[in-house]
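K.L.:
Sequence and predicted model, in that order:
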Amino acid sequence: MPFQPLPQDQPSAILSCPDCHASWLIYEQQVGLPITCPGCGSTARPTHLGHTKAGSGRQVSFPSFRRLLEQPDTAHRVIPIVERWLNLRYEGALRFVDPAGQPVLLTEVHFQLQGQAEWQGAIYNLFMSSVR
């Protein structure tokens, strides 16, 4: 049976893919399980890096964050925020680059946003506004 979080659970464990080095958040109960990397699709056991300190309880999952960027009615609000907060430039087609023009994985963008309580809360509020 697949993992089913309890309603009060929030993703708090930080993982890193041994293949593409993407980082993302999972539920504590998933640590040690084989998980598909959202960056490259690898099913290797990711490395557990610790826990987030954001702790707002308002995390937005990676698929939900991706939807915010894919939907025109939310993308125009989310993209400028990501560019400003993370000093990145949006290239289109869900691609961000750093100031040197190097690509930044979308999973890393999500991870960085979820690692700061203020940013996490703002993205959560945008997401909740879009689903209402």
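P.N.:
Sure thing, it's come through.

K.L.:
I'd guessed residue 78 sits against residue 69; true?
P.N.:
Yes: with contact defined as C-beta atoms under 8 Å, residue 78 reaches residue 69; the gap is 5.9 Å. Every C-beta, even on glycine, is put in place using the N, C-alpha and C of the backbone.

K.L.:
Spell out which residues make up each domain of the protein.
P.N.:
The record assigns the chain these domain ranges, following automatic domain parsing: 13-51, 62-131.

K.L.:
possible to save those as a markdown table with mean neighbour count?
P.N.:
Shown next, in a markdown table, are these (neighbours: other C-beta atoms under 10 Å):
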| stretch | mean neighbour count |
| --- | --- |
| domain 13-51 | 16 |
| domain 62-131 | 15 |
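
K.L.:
Of these, which shows the lowest average pLDDT?
P.N.:
Lowest mean pLDDT within the domains of the chain: domain 13-51, at a mean of 74.

K.L.:
what about that one, distance to the chain center?
P.N.:
12 Å (C-alpha atoms, centre = their mean, to the nearest Å).

K.L.:
Ok, stretch 12-31 next?
P.N.:
10 Å.

K.L.:
Thanks a lot, see you next time.
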